[in-house]
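Asker: Structure of the sequence below:
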Amino acid sequence: MEILVLVGILLIVFLGEILYYRLHALDNLSLKVDFSKNIADFGEDIELIEVVENRKKLPLPFIILKFETPREIRFFDDVKVTTSDFIYREDMLTMKPYSKHTRRIKVKCSKRGYYVFPRVGITTSDMFLMERFTKDFDNDAHLMVLPKVLKTNITNILMSITTSEMQCRRTMLTDPFSLAGIREYGPGDPMKSINWKASAKAGELMVNQNASTCAQKVHIFVNLEPYNPKNSTTLLESAISLAYTYLIELANLGIPSSFYTNGRDSLSDMPVVSEAEAGSASIEKRGIMLAGIDLKKPALSFAGMIEKYISSTNQDDFILIISPQFSDSFRMLIAELKTLRPSLLWIMPCNSTTQDLGLEPSVSDSYLRWEVSGNE
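Answerer: Model (predicted):
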């Protein structure tokens with residue numbers, strides 16, 4: 001009889017415990033997954049931060065934190081993950097009453113892009129581990145990984161060509177009515193350029209510096225149309241990286257630049273373009289714009305983009321075309337464009353196995369083949 005009573009009491013406790021946990025295990029429980037920074041450079045190591053809080057007197061014997069991240073965000077620890085298009089990660093811990101747990105996990109940003117983490121979840125159990133209880137939480141974490149900054153010889157070659165082209169086309173005349181600034185007097189400066197009032201204030205000879213009558217700009221057109229039947233993206237990523245690296249170099253020299261791509265933004269679905277700007281202040285903004293290009297979305301017509309934006313460039317501006325795609329129609333477009341904008345260069349990212357192009361003379365002298373690693 002005593003055994004039956006004991007069994008009955010244990011059964012009541014057991015069922016009561018399960019019922020109580022079933023009703024309250026997920027009460028006052030929160031989970032947040034975020035990053036130590038929301039804008040990161042390509043290849044940078046940052047931290048993913050998990051914050052889970054149990055704001056009640058009920059202990060939780062174990063908690064499994066679940067969330068999915070893109071494969072391009074690489075983890076350094078050895079926690080078991082399931083991999084497909086996403087990494088499905090599970091972290092386990094124990095929560096005492098009224099406790100908070102924060103875990104910082106080192107990750108590497110291994111690919112350009114805009115990443116969101118909207119789904120996170122918690123699974124917990126009763127004290128006897130008989131039932132599991134699951135709850136999903138809204139999560140607004142996002143991460144923008146900027147394009148890769150290239151450290152290859154192509155950048156030096158491109159900058160050399162750019163400065164040479166701009167120097168050849170820059171007029172030697174200055175506008176006497178346009179004042180660019182005041183500087184110290186130097187050998188060879190004409191006496192008529194001395195600013196006597198500024199010289200008196202500075203205690204040394206100062207001269208007016210007149211602006212050039214021709215303020216040249218650089219315009220970058222990036223073609224992200226498919227370049228092979230497999231719709232590969234490696235060379236398209238190289239094109240975006242080159243455009244970003246070039247924009248940084250131009251900004252450091254104070255050369256105004258614009259860029260136009262036929263790639264679509266991951267959020268707005270609009271083409272990613274930026275009008276002419278100068279200086280380094282806009283570089284991060286432009287990097288974010290290029291990072292947001294979604295190559296899974298079909299690119300717009302490159303010919304249509306040229307038709308729309310070429311009128312915003314001047315006859316003496318330097319035009320850079322970056323395109324892995326080299327179809328017959330594209331090469332005809334380059335030939336036509338060269339007649340409108342003589343200061344033009346087409347860089348074609350390609351693999352070592354890509355065929356040599358038999359270009360007509362009007363295009364071949366404005367063409368640069370750029371071989372990148374890989375074989376597609």
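
Asker: And for Phe117, the neighbour number?
Answerer: 20 (other Cβ atoms under 10 Å). Yep, even glycine has a C-beta here, placed from its N, CA and C like the rest.

Asker: now do Thr134
Answerer: A count of nearby residues for Thr134, using other Cβ under 10 Å, gives 12.

Asker: Which pLDDT value does the model give the spatially closest residue to Thr353 that is not a sequence neighbour?
Answerer: Leaving aside its sequence neighbours, Thr353 sits nearest to Asn375 (Cβ to Cβ, 6 or more residues apart in numbering; 5.7 Å). You'll see Asn375 listed with a pLDDT of 72.

Asker: count of residues packed around Asn375?
Answerer: With other Cβ under 10 Å as criterion, Asn375 counts 8.

Asker: Helices of the stretch 151-300 of the chain, start to end?
Answerer: Remark: helices assigned in the stretch 151-300 of the chain by DSSP state H, counting those that start in this stretch are 153-169, 196-202, 234-253, 283-291.

Asker: Can you point out the buried residues in the longest one?
Answerer: If I follow you right, that is helix 234-253. For helix 234-253, a neighbour-count test (16 or more other Cβ atoms under 10 Å) marks 234-251 as buried.

Asker: Quick one: mean pLDDT over that helix.
Answerer: pLDDT averaged over helix 234-253 gives 95.

Asker: same question, the second one
Answerer: Taken as a whole, helix 196-202 carries a mean pLDDT of 73.

Asker: elements contacting it?
Answerer: Helices and strands touching helix 196-202, as assessed by 3 or more Cβ pairs under 8 Å, 6 or more residues apart in numbering; DSSP states H and E, are absent.

Asker: In the stretch 251-376 of the chain, where is pLDDT below threshold?
Answerer: Within the stretch 251-376 of the chain, the stretches with pLDDT under 70 are 376.

Asker: quick one: the strands in it?
Answerer: 257-264, 271-277, 318-322, 344-350, 367-371 (DSSP state E, counting those that start in this stretch).

Asker: Dump those to TSV, plus mean neighbour count.
Answerer: Listed next are the strands of the stretch 251-376 of the chain as TSV, based on neighbours: other Cβ atoms under 10 Å:
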stretch	mean neighbour count
strand 257-264	24
strand 271-277	18
strand 318-322	25
strand 344-350	22
strand 367-371	15
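
Asker: Give me the secondary structure label for the closest residue to Phe67 other than its chain neighbours.
Answerer: Leaving aside its chain neighbours, Phe67 sits nearest to Val120 (4.3 Å; criterion: Cβ to Cβ, 6+ apart). Three-state call for Val120 (DSSP: H, G, I helix; E, B strand; the rest coil): strand.

Asker: Any buried residues in stretch 356-366, and which?
Answerer: Buried-residue list, stretch 356-366, by 16+ other Cβ under 10 Å: Leu359, Val363, Ser366.

Asker: what distance separates the longest helix along the chain from the middle of the whole chain?
Answerer: The longest helix of the chain (DSSP state H) is helix 2-24. How far helix 2-24 lies from its chain's middle: 56 Å, per Cα atoms, centre = their mean, to the nearest Å.

Asker: now for it, which elements pack on it?
Answerer: Taking 3+ Cβ pairs under 8 Å, 6+ apart as contact, there are no helices or strands that helix 2-24 lies on.

Asker: Can you tell me what sits against that helix?
Answerer: Lys56, Leu58, Ser125, Asp126, Met127, Phe128, Met130, Glu131, Phe133 (Cβ atoms under 8 Å, 6 or more residues apart in numbering).

Asker: Looking at the residues you listed, which are in strands?
Answerer: If you go by DSSP state E, the contacts of helix 2-24 have Ser125, Phe133 in strands.

Asker: Out of the contacts of helix 2-24, which two sit at the greatest distance?
Answerer: With distances taken as Cβ to Cβ, the most widely separated pair in the contacts of helix 2-24 is Lys56 and Met130, at 20.0 Å.

Asker: So between the two, which is more surrounded?
Answerer: Between Lys56 and Met130, counted using other Cβ under 10 Å, the more crowded position is Lys56 (17 against 11).

Asker: Could you tell me which residues make contact with the more buried one?
Answerer: His24, Asp27, Asn28, Leu29, Pro97, Tyr98.

Asker: How much space separates it from Ser238?
Answerer: In this view, Lys56 and Ser238 are 53 Å apart by Cβ to Cβ, to the nearest Å.

Asker: Leu29 too?
Answerer: Going from Leu29 to Ser238 by Cβ to Cβ gives 46 Å.

Asker: Give me the pLDDT value at Asp77.
Answerer: 69.

Asker: swap that for Pro70, please
Answerer: Looking at Pro70, its pLDDT is 79.

Asker: Sweet, I'm off.
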